[in-house]
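J.: When you get a sec, could you give me coordinates for this:
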Amino acid sequence: MLPINRMRNFGILAHIDSGKTTLSERILLYSGSIHQMVEVHEGGAHMDHDELERLKGITINAAVTTVHWNEHQLNLIDTPGHVDFTAEVERSCRVLDGAVVVFCAVAGVQAQSETVWRQADRYNVPRILFINKMDREGAEFERVVNETRDHLLAHPVVCSIPIGSGDAFTGVIDILAMQAVYFDGDKGKDLRREDIPDELLLDAKNWRHQLCESLASEDETVLEQFLANGDVETEALISALAQACHAGTVHPVFAGSALANKGVQLLMDGINAFLPDPTQVAAERVYSETDEEGTVLLCDASLPLRAMVFKLDAGKHGDIAYVRVYQGTLSPGDQVLAVRAQADGLHAHGERIQRLVRVDSDKHMAVNAISAGDVCAVIGCKNVVTGDTLIGIYDDPVSLSGIQFAEAVIEMAIEPERGTEADVLAKALARTAKEDPTFSYRTDAETGQLLIAGMGELHLEVVVHRLGERHKVKVHMGKPQVSYRSRITKAVSGRYVHKVQNGGPGSYAIAEIEFRPLNADELNEADDYVFVDRIRGGAIKKEYIPAVEKGIANELANGIEGIPVCGVHACLIDGHTHVTDSNEMSFHKVGRQAVREALPELGIEITEPWMRVHIECPADKSGTVIGGINAKRGIVQNVEARGTQTQIIAEAPLAEMFGYIRELRSNTAGRGNFTMEPIGYRVK
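T.: The predicted structure is shown next:
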């Protein structure tokens, strides 16, 4: 086993079609993990093992593998680039020590590039940049480097530059070694280093000067050598670059083309040299109910176990839980506690580690133990969920900070093809929701329809496909529906009376409640419901107050015509209890009644989800595309010419965007494409 300072836990992040999975395949090839390769566009990529991934030619699941390169162990997670599967990126970023962010040398910084960058920012993930597809017509290395600085606020420091572009792309110049590097032999496996061509020497020296200048502000040794000599020793540059990359103050940049087999080995060397090992990242903390500041963990195999479940999947031989171990050691047969942080505190239950495996896409290799700093998969845990913290069976409950997932924005009605399969469908949906935190389902109280909710049309299409393939239950789908919300704009207070007398035991409850909109600073997400109890003197018995709260919550969830009411602050001020006729049900009913009576006076506004839309189309079709967006109540934010293509960034309501791909393809003779991501709710 290699020492921990030779371990790298990193992910590959990018906008869809930037070449992430092709890059992953080359890393597998050059490290010797695979010997034959089928390209992504041919539907046989090693990392895209799911049938639907191969059918569509995109990554849907974050795929994990382990390779070895130059005496380093690389635990690699290849993440999806489509915004509908952003949860896979989120959960991966939470446990990564570093990332390679891939950009297309033609398209540059795109919509999902910004999204994954923000996700990496959220978890302070150190990053290396790879400008891919330098063999494509229209590739512009320097423009893309500048875009990362302008659009992402990155701090790019160039370590390799391309020799030519498009059909003339023949290799790269290693700025650190000041050598030209060419990639010969089968799939570019053989590196040939030569002197830099005369016509490129001045350009290379300029990039070297910028590299030294950038690092001079980060490291005193570099500054001293740079001021004295105008250049810096390569060893000092590498050391300073590693430290600055770990701190997130610079981002090393490499050029190449994964598909053309050029530049990838230099990137792999950069991963070893510049991304941190598990001991060099910001220390994790665990929190208990009595320790709000948290206790710092040490990346030490001999200390008590502290690990996080960051992904669940269904395997042939049982549930698979992907785990990052931060402290201690995990072994088959261990009894552990799975700790879950919930609104009312930490909850723990026992689990037994049946099998421990190292994952290679869809293949598993049994291991005897996984120590601090490593990533593995556990088979056999029955009740864990994403975000659970695994600790020793006799330890006091503590929890690592969790993972933030986006809320669903689109709903679709489904029903089983055969009525007898309703129970099977219910179990399948529960299983799907457990695996995917951005998926949910519910039964509409008014229509009785079963509704599934997710991040987009493709997301729900994948869910429905898996219901049939994995769970053997076929469903009929309705049209997608927008997940509308409503909010209140006014404050109302009143005395609400529920009184029923029918000759027998009565039902009696009185509650004085004040409703008002939540202030933006009261919660991180002002879409929730806050209940405050200000009862004094026992006007309402303590055991009845939770019933009032639940009644209000239930009625707000029902909302207006099935649209939930959000952002409500409800304050229970006063009330009255009858000695014999009051009970929990009575006060539950008065809570619901209070909402029904107050709603007409609360100034309800219906809101709808809006999306940021990133469109790429031929330049001569951009006018038609912009006109189409305007017709959808959209707002065009930016139009930028990129060679023969035009990039359009707009904002539009989700309700208008269903089926947009068909319209776009029709208006652009099949050459247009788009992606979109949620940006929030606006008044309809």
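J.: which residues does residue 683 contact?
T.: By C-beta atoms under 8 Å, 6 or more residues apart in numbering, the contact set of residue 683 is 605-607. Quick note: C-beta positions are derived from backbone N, CA and C, even for glycine.
J.: where's it relative to residue 485, distance?
T.: From residue 683 over to residue 485 the distance is 10 Å, taken as C-beta to C-beta, to the nearest Å.
J.: anything in contact with each of these two?
T.: Contacts common to residue 683 and residue 485, judged by C-beta under 8 Å, 6+ apart, are 606-607.
J.: Okay, and residue 552 sits in which element?
T.: Under the criterion of DSSP states H and E, residue 552 resides in helix 545-558.
J.: Go through that helix and flag the buried ones.
T.: Using 16 or more other C-beta atoms under 10 Å as the test for burial, helix 545-558 gives 545, 547-553, 555-556, 558.
J.: And the pLDDT for the most centrally placed residue in the chain?
T.: Ranked by distance to the mean C-alpha position of the chain (C-alpha atoms, centre = their mean), the top residue is residue 90 at 2.3 Å. Predicted confidence (pLDDT) for residue 90: 90.
J.: Does it touch residue 386 like I think?
T.: No: using C-beta atoms under 8 Å, residue 90 is not in contact with residue 386; the gap is 9.9 Å.
J.: which residues are common contacts for those two?
T.: Common contacts of residue 90 and residue 386 (C-beta under 8 Å, 6+ apart): residue 403.
J.: pull the longest helix from this structure.
T.: Counting by DSSP state H, the longest helix found in the chain is helix 198-216.
J.: mind checking which helix or strand residue 433 is in?
T.: Applying DSSP H and E, one finds residue 433 within helix 422-435.
J.: That helix: which residues count as buried?
T.: Going by 16+ other C-beta under 10 Å, helix 422-435 has these buried residues: 425, 428-429, 431-435.
J.: Please name the residues that touch residue 81.
T.: Listed by C-beta under 8 Å, 6+ apart, the contact partners of residue 81 are 14-18, 20, 58-59, 112, 116.
J.: my guess is it is in a strand, correct?
T.: No: Residue 81 is assigned coil when assessed by DSSP: H, G, I helix; E, B strand; the rest coil, not a strand.
J.: who touches residue 117 in this structure?
T.: 13, 101, 152, 154.
J.: By mean pLDDT, flag the weakest helix or strand of the protein.
T.: The helix or strand of the chain with the poorest confidence is helix 51-56; it has a mean of 60 (mean pLDDT, DSSP states H and E).
J.: Paired strands for the helix or strand following that one, with orientation please.
T.: Using DSSP H and E, the helix or strand that directly follows helix 51-56 along the chain is strand 63-69. Strand pairing for strand 63-69, determined by DSSP bridges: strand 72-78 (antiparallel).
J.: ok so, going back, and the longest helix of the chain, what's buried?
T.: In helix 198-216, counting by 16+ other C-beta under 10 Å, buried: 204, 207-208, 211-212, 214-216.
J.: name the helices or strands packed onto that helix?
T.: Counting contacts by 3 or more C-beta pairs under 8 Å, 6 or more residues apart in numbering; DSSP states H and E, helix 198-216 packs against strand 156-158, strand 160-163, strand 171-174, helix 220-229, helix 234-247.
J.: Please work out the average pLDDT along the first one.
T.: Spelled out, it's strand 156-158. On average, the pLDDT along strand 156-158 is 97.
J.: counting contacts, what elements does that strand pack onto?
T.: Using 3+ C-beta pairs under 8 Å, 6+ apart as the test, strand 156-158 ends up in contact with helix 141-152, helix 198-216, strand 251-255.
J.: Figure out which of these is closest to residue 679.
T.: helix 141-152 (15.9 Å; C-beta to C-beta).
J.: circling back to that earlier point, quick one: secondary structure of the residue nearest to the centre of the chain?
T.: Relying on three-state DSSP, one would call residue 90 helix.
J.: mind listing what it touches?
T.: Contacts of residue 90 by C-beta under 8 Å, 6+ apart are 119, 403-406.
J.: Buried among these? Make that a ChimeraX selection.
T.: This is the ChimeraX syntax for the buried subset of the contacts of residue 90, where burial follows 16+ other C-beta under 10 Å:
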select :119,403,405
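J.: From the contacts of residue 90, pick the one nearest residue 284.
T.: residue 403 (13.2 Å).
J.: related to what we said a few turns ago, next one: the helix holding residue 552 to chain centre, how far?
T.: Computed by C-alpha atoms, centre = their mean, to the nearest Å, the chain-centroid distance of helix 545-558 equals 32 Å.
J.: what's in contact with it?
T.: Contacts of helix 545-558 (C-beta under 8 Å, 6+ apart): 445, 511, 513, 529, 531, 533, 535, 540, 564-566, 568, 570, 572, 575, 584-596.
J.: In strands, which of those residues appear?
T.: 511, 513, 529, 531, 533, 565-566, 568, 570, 572, 575 (DSSP state E).
J.: then the top strand by length along the chain to CSV, C-alphas only?
T.: Among all segments of the chain classified by DSSP E, the strand with the greatest residue count is strand 605-618. Output in CSV follows, covering the C-alpha atoms of strand 605-618 (Å, rounded to 0.1, in the frame of the first residue of the first chain):
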residue,chain,number,x,y,z
GLU,A,605,-48.7,35.7,-5.3
ILE,A,606,-48.1,32.7,-7.6
THR,A,607,-44.4,32.2,-8.4
GLU,A,608,-42.8,30.0,-11.1
PRO,A,609,-39.3,28.6,-11.6
TRP,A,610,-37.1,30.5,-14.0
MET,A,611,-34.1,29.0,-15.8
ARG,A,612,-30.8,30.3,-17.1
VAL,A,613,-30.6,29.1,-20.7
HIS,A,614,-27.3,28.7,-22.6
ILE,A,615,-27.8,28.3,-26.3
GLU,A,616,-25.3,27.6,-29.0
CYS,A,617,-26.4,27.9,-32.6
PRO,A,618,-25.0,28.9,-36.1
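J.: buried sites along it?
T.: Applying 16+ other C-beta under 10 Å to strand 605-618 flags 607-617 as buried.
J.: Mind putting the residues you listed into JSON lines with distance to residue 159?
T.: Shown next, in JSON lines, are the buried residues of strand 605-618 (distance: C-beta to C-beta, whole Å):
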{"residue": "607", "distance to residue 159": "46"}
{"residue": "608", "distance to residue 159": "46"}
{"residue": "609", "distance to residue 159": "41"}
{"residue": "610", "distance to residue 159": "39"}
{"residue": "611", "distance to residue 159": "36"}
{"residue": "612", "distance to residue 159": "32"}
{"residue": "613", "distance to residue 159": "34"}
{"residue": "614", "distance to residue 159": "28"}
{"residue": "615", "distance to residue 159": "33"}
{"residue": "616", "distance to residue 159": "29"}
{"residue": "617", "distance to residue 159": "34"}
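J.: quick one: the helices in the stretch 251-400 of the chain?
T.: 264-274 (DSSP state H, counting those that start in this stretch).
J.: quick one: low-confidence ranges for it?
T.: Within the stretch 251-400 of the chain, the stretches with pLDDT under 70 are 315-318, 361-362.
J.: list the contacts for residue 531?
T.: Neighbours of residue 531 in contact, by C-beta under 8 Å, 6+ apart: 549, 552-553, 570-572.
J.: For residue 466, grab phi and psi.
T.: phi -70, psi -30 (degrees, to the nearest 10).
J.: My read is that it contacts residue 432, right?
T.: Yes: between residue 466 and residue 432 there is a contact under C-beta under 8 Å: 7.1 Å.
J.: What separation do you get for residue 294 and residue 440?
T.: 30 Å.
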